[in-house]
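**Student:** structure for the following, please:
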Amino acid sequence: MCGRFLLNTSLEELQEYYNIVREVQYNNEHKYSKGEIFPSNASLVMYNNELKALNWGFPTKDKLMINGRCETIFERPMFSYAMEHSRCLIPVNSFYEWKNGEKHSISIKTMPIFSFGGIVKRFVMKDGTFEDRFLILTTEANEEIKSLHHRMPLIIDRDLEREFLNSKANKECIRTMLKPYTKNTLNITALSEAQQLSLF
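**Tutor:** So this is what the prediction gives:
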């Protein structure tokens with residue numbers, strides 16, 4: 001799963017990374033978070049050819065749903081339409097996993113910025129307003145992550161980001177991207193208490 005991630009990159013750097021010129025769009029006037037991103041926080045996502053600040057998590061009756069499993073994402077009614085038509089990229093610098101109470105930072109050695117795959121869906125909120133929210137896709141853990149957790153966020157290869165966002169892409173083509181990251185270039189670091197505090 002993915003329960004927290006880090007985004008400390010400037011808006012200008014993200015616009016350059018995704019090769020866009022539009023200004024960031026805010027959802028319900030909430031500014032996006034920088035630093036460690038928690039569920040329900042607003043974070044930047046690449047969606048409809050723009051960087052938009054959206055809140056993380058799909059609200060359900062009982063809980064906030066923050067992840068969706070790649071293995072069943074096209075089949076589940078709650079996710080299927082969004083997976084076919086409303087895919088997004090979530091820019092990150094690193095993400096976190098815990099083992100025996102110890103927090104680990106996970107990043108890609110050669111890429112200070114990379115993207116999770118996700119989906120966006122519109123919800124009617126309690127006050128009657130409409131709000132777009134994002135969810136992060138997860139897949140089986142690769143060999144590097146397995147010692148920490150059996151799941152990991154879906155990392156979209158840099159060369160496939162544009163095709164992942166293409167709403168007209170063939171479903172089977174998208175399915176080929178829903179696999180664990182296997183380039184064996186992850187940097188996994190156990191964080192000291194001081195390092196954890198420095199993220200806020």
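
**Student:** any weak-confidence spans in this protein?
**Tutor:** 23-30, 192-200 (pLDDT under 70).

**Student:** burial count for Phe95?
**Tutor:** 24 (other CB atoms under 10 Å). Yep, even glycine has a C-beta here, placed from its N, CA and C like the rest.

**Student:** check which helix or strand covers it.
**Tutor:** Assigned by DSSP states H and E, Phe95 belongs to strand 94-99.

**Student:** helix or strand right after that strand?
**Tutor:** Next in sequence after strand 94-99, counting helices and strands by DSSP H and E, comes strand 102-108.

**Student:** re earlier: and the strand holding Phe95, what does it pack onto?
**Tutor:** strand 5-7, strand 102-108 (3 or more CB pairs under 8 Å, 6 or more residues apart in numbering; DSSP states H and E).

**Student:** out of those, which one sits most buried?
**Tutor:** Highest mean neighbour count among those (mean count of other CB atoms under 10 Å): strand 5-7, with a mean of 21.

**Student:** mind exporting the C-alpha coordinates of the following helix or strand past that strand to CSV?
**Tutor:** Downstream of strand 5-7, the first helix or strand assigned by DSSP H and E is helix 11-18. Coordinates of each C-alpha in helix 11-18 appear next as CSV, following Å, rounded to 0.1, in the frame of the first residue of the first chain:
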residue,chain,number,x,y,z
LEU,A,11,5.8,24.1,-8.9
GLU,A,12,8.2,25.5,-11.5
GLU,A,13,10.3,22.3,-11.5
LEU,A,14,7.1,20.2,-11.8
GLN,A,15,5.9,22.2,-14.7
GLU,A,16,9.2,21.6,-16.4
TYR,A,17,9.2,17.9,-15.6
TYR,A,18,5.7,17.4,-17.2
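
**Student:** contacts for helix 11-18 next, please.
**Tutor:** Residues outside helix 11-18 that contact it (CB atoms under 8 Å, 6 or more residues apart in numbering): 9, 21, 24, 44, 46, 51, 89, 91, 113, 161.

**Student:** what do you get if the cut-off is 7 Å, keeping everything else the same?
**Tutor:** Helix 11-18 is contacted from outside by 21, 24, 44, 46, 51, 91, 113, using CB atoms under 7 Å, 6 or more residues apart in numbering.

**Student:** state the pair within those that is farthest apart.
**Tutor:** Val21 and Ile113 (17.6 Å; CB to CB).

**Student:** so for the two, which sits in the more crowded spot?
**Tutor:** The residue with more neighbours, out of Val21 and Ile113, is Ile113; 18 against 7, by other CB under 10 Å.

**Student:** how about that one: what's its closest non-neighbour residue?
**Tutor:** Tyr17 (5.2 Å; CB to CB, 6 or more residues apart in numbering).

**Student:** state the distance from that neighbour to Ser115.
**Tutor:** 9 Å (CB to CB, to the nearest Å).

**Student:** ok, those two, which is more surrounded?
**Tutor:** Comparing Tyr17 with Ser115 by neighbour count (other CB under 10 Å), the higher total belongs to Ser115, at 25 against 20.
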